[in-house]
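In: model this:
(3 chains)
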Amino acid sequence: MSAYISFILEIIGTVAFSVSGAMTGIRKGMDILGISILGLTTAVGGGVIRDLILGITPPKTFQNPIYAIVAIGTALIVCTPWMQRLFSKRQNYYDLIMLWMDSVGLGIFTVVGIETAYSVSTDFSLFLMIFVGAVTGVGGGVLRDVMAQDPPYIFVKHFYASASLIGAVICSLMWEPFGQGVSIIAGVVIVLVLRLLAAKFRWSLPKPGVGTSDR
Amino acid sequence: MSAYISFILEIIGTVAFSVSGAMTGIRKGMDILGISILGLTTAVGGGVIRDLILGITPPKTFQNPIYAIVAIGTALIVCTPWMQRLFSKRQNYYDLIMLWMDSVGLGIFTVVGIETAYSVSTDFSLFLMIFVGAVTGVGGGVLRDVMAQDPPYIFVKHFYASASLIGAVICSLMWEPFGQGVSIIAGVVIVLVLRLLAAKFRWSLPKPGVGTSDR
Amino acid sequence: MSAYISFILEIIGTVAFSVSGAMTGIRKGMDILGISILGLTTAVGGGVIRDLILGITPPKTFQNPIYAIVAIGTALIVCTPWMQRLFSKRQNYYDLIMLWMDSVGLGIFTVVGIETAYSVSTDFSLFLMIFVGAVTGVGGGVLRDVMAQDPPYIFVKHFYASASLIGAVICSLMWEPFGQGVSIIAGVVIVLVLRLLAAKFRWSLPKPGVGTSDR
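Out: Model (predicted):
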């Protein structure tokens, strides 16, 4: 049952991150092949990093083609004229879709990271669960931004890694008492809501560098 | 016999990728040490990623110094005044040599990736063989471009990853019926020919972003 | 005894690299969260790469929270107004502190990389020891620079990787005859002294690209 939930979530996360990668590729003027690769890298990158950290070789993405197929299919759909018209309709549609897709992917992969760590060993510390969850969540987006030569979201977007970390902490703490299914849903929702609230109300943290000399 | 072919190919690929890394370093104004490191990273990067994915630790590059020695030696030769004169003779020599070196490396490492995956297990799916081959092929070049702060070739060069993928598919399909030696040679030649044809005739794919607002 | 020395050194290296990451984040105008993440990535990045190469999964950083806690705590201290005043007091304080912190981290992580390789197997070749040491030493800084979109130190700073390599060679050669404790201290001191001398006297190596066309 909960394996089923988690597979569905992983596919949704793959679609969401692939959309964010493909949209970044379009903005950078890439052709459809480059866009597909950036979509694929964003969608499977976090999971590959997670599996390498947990010692799962070859990583799941290399064993089951469904993730790559979904990611590339999604990126190609983003390239269709219909989607392009949607983006150009209103200027801020791009930012809005990007925010949602990236946030959904962040939430899902954070939680899937924790679940995968549990599946490897139940003896791992709470710290390891949270850290693996956060790295899985942010990994795909960091690869996307570094490869596309953008400033990584993780450094510039309000509350990005915090949302992943807070979701990871709550999801890990709920795992034993509340069971896997509830914890997974709760974790995803918390990350998503925190990210959207942070973007809506422009939560910001102090920037120590402001006011110093512009080195 | 085929282990011998594959070792020779790997050394040729190491030389080719090291040249491409060293030339990038020279263009970026690095000193001979930086150039050597970029040559080394480009030459061994794909293989290290491949070995981590396949669970071969420590990666082959760390076990046998021949690859590092060849890569650094090659980079130092690229730094000699003789080579510099060659590049400055005709403006387009740089681009031509870069195209050939990068294409040879791409072809060889794609095929070596497939061979290494087979050597780990013959139970791997066709998908895994192809995916590992392509990642091994493009890995060194992506590291080179990201570290040198260039837009990755994989996104901007005509047909780059397609060539690697098509070569990987054909090489993997030929493996059982035609034997290792023939498949290896065929795979390398296909990637190389596709890349060179793509560059020659400027094969291009649609760019969905063209015509939309310049965000 | 030498496990104790090595733990103390690792904590000092974590602090030093976290300072270098946090200072880079401040210069880039990041908020305190982004600064903490860049400090953390710089401090633990080399060790994670080392553990993946050596097949230690999950990497040590994921098993013991002390490194992450020290790294994030250090980054937050760098963000305090007191530290900001220190940097703005004299223009070149920033460069000086950055040089020292990065050099201390480079020396310590190079040596810790060698020690970790020895702890995995005493059968590894001298080449593997040196290579793992250098990769561990430079890994955190490369991740810092790539994520912050800076030209990697390893390519632009005088003698950077050479210092790590020379220290790694001497430390590895001393290991058997002189014992672990002495070799560790010697390795760190050699890397540090070489880097500081190189910066002081602006040791430079030939740049083959100078004088060619500005491509």
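
In: okay, CA-based contacts and neighbour counts for the rest of this
Out: Fine.

In: wait, A:Gly46 touches A:Gly133, no?
Out: No - between A:Gly46 and A:Gly133 there is no contact under CA atoms under 8 Å: 9.7 Å.

In: which neighbours do those two share?
Out: A:Phe109 (CA atoms under 8 Å, 6 or more residues apart in numbering or on different chains).

In: give me the more crowded residue out of these two.
Out: Neighbour totals were compared for A:Gly46 and A:Gly133, and A:Gly133 leads with 33 against 28 (other CA atoms under 10 Å in any protein chain shown).

In: pull the CA atoms of the strand or helix carrying the more buried one into CSV?
Out: In this assignment (DSSP states H and E), A:Gly133 forms part of helix A:126-147. Below are the C-alpha coordinates for helix A:126-147, written out as CSV (Å, rounded to 0.1, in the frame of the first residue of the first chain):
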residue,chain,number,x,y,z
LEU,A,126,17.5,10.5,12.9
PHE,A,127,20.2,12.8,11.7
LEU,A,128,21.1,10.6,8.7
MET,A,129,17.5,10.3,7.7
ILE,A,130,17.0,14.1,7.7
PHE,A,131,20.3,14.8,6.0
VAL,A,132,19.7,12.2,3.2
GLY,A,133,16.1,13.5,2.8
ALA,A,134,17.3,17.1,2.4
VAL,A,135,20.2,16.2,0.0
THR,A,136,17.8,14.1,-2.2
GLY,A,137,15.3,17.0,-2.2
VAL,A,138,17.7,19.7,-3.2
GLY,A,139,20.1,17.6,-5.3
GLY,A,140,18.2,17.6,-8.6
GLY,A,141,17.7,21.4,-8.5
VAL,A,142,21.3,22.1,-7.7
LEU,A,143,22.5,20.0,-10.6
ARG,A,144,19.9,21.8,-12.9
ASP,A,145,21.1,25.2,-11.8
VAL,A,146,24.9,24.4,-11.9
MET,A,147,24.6,22.8,-15.4
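
In: so is it next to chain B?
Out: Yes - against chain B, helix A:126-147 shows contacts by CA under 8 Å from any CA of the partner chain at A:Val146, A:Met147.

In: is that helix positioned near chain C?
Out: Yes - Helix A:126-147 reaches chain C (CA under 8 Å from any CA) through A:Phe127, A:Leu128, A:Phe131, A:Val132, A:Val146.

In: show me what contacts the closest residue to the third one other than its chain neighbours?
Out: Same thing as A:Phe131. Nearest in space to A:Phe131, with sequence neighbours left out and distances taken as CA to CA, 6 or more residues apart in numbering or on different chains, is C:Phe62 at 6.7 Å. By CA under 8 Å, 6+ apart, C:Phe62 lies in contact with A:Phe127, A:Leu128, A:Phe131, A:Val132.

In: quick check: phi and psi on C:Phe62?
Out: phi -80, psi -20 (degrees, to the nearest 10).

In: could you list the buried residues of the helix or strand bottoming out on mean pLDDT in chain A?
Out: When each helix and strand of chain A is scored by mean pLDDT, DSSP states H and E, helix A:81-89 comes last, with a mean of 79. Neighbour counts over helix A:81-89 (16 or more other CA atoms under 10 Å in any protein chain shown) mark A:Gln84, A:Phe87 as buried.

In: could you export it as PDB, CA atoms only?
Out: Output in PDB follows, covering the C-alpha atoms of helix A:81-89 (Å, rounded to 0.1, in the frame of the first residue of the first chain):
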ATOM      1  CA  PRO A  81       3.700  25.100 -28.900                       C
ATOM      2  CA  TRP A  82       0.600  24.700 -26.600                       C
ATOM      3  CA  MET A  83       2.800  24.900 -23.500                       C
ATOM      4  CA  GLN A  84       4.800  27.800 -25.000                       C
ATOM      5  CA  ARG A  85       1.600  29.700 -25.600                       C
ATOM      6  CA  LEU A  86       0.600  29.100 -21.900                       C
ATOM      7  CA  PHE A  87       3.900  30.600 -20.700                       C
ATOM      8  CA  SER A  88       3.700  33.700 -23.000                       C
ATOM      9  CA  LYS A  89       0.100  34.400 -22.100                       C
END
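
In: is it positioned near chain B?
Out: Yes - judged by CA under 8 Å from any CA, helix A:81-89 comes into contact with chain B through A:Pro81, A:Gln84, A:Ser88.

In: from the chain's centre, how far out does that helix sit?
Out: Here helix A:81-89 is found 23 Å from its chain centre; the criterion is CA atoms, centre = their mean, to the nearest Å.

In: and for stretch A:200-208?
Out: Worked out by CA atoms, centre = their mean, stretch A:200-208 lies 21 Å from the chain centre.

In: give me every residue in chain A lying close to chain B.
Out: A:26-35, A:37, A:52, A:55, A:57-59, A:62-65, A:79-81, A:84, A:88, A:146-149.

In: please flag which of those residues sit within helices.
Out: A:26-27, A:32-35, A:37, A:52, A:62-63, A:81, A:84, A:88, A:146-147 (DSSP state H).

In: ok, which pair from those residues is furthest apart?
Out: Taking CA to CA as the measure, these span a maximum distance of 39.3 Å, between A:Leu52 and A:Ser88.

In: OK, contacts around A:Pro151?
Out: A:Pro151 touches A:Asp145, C:Met147, C:Ala148, C:Gln149, counting by CA under 8 Å, 6+ apart.

In: so which of the residues you listed is the most crowded?
Out: The most crowded member of the contacts of A:Pro151, judged by other CA under 10 Å, is C:Met147 (25 neighbours).

In: that residue and C:Met23: what is the separation?
Out: 14 Å (CA to CA, to the nearest Å).

In: residues of chain A that sit close to chain C?
Out: A:52-55, A:124-125, A:127-128, A:131-132, A:146, A:149, A:151-152, A:154-156, A:159, A:161-162, A:204-210, A:212-215.
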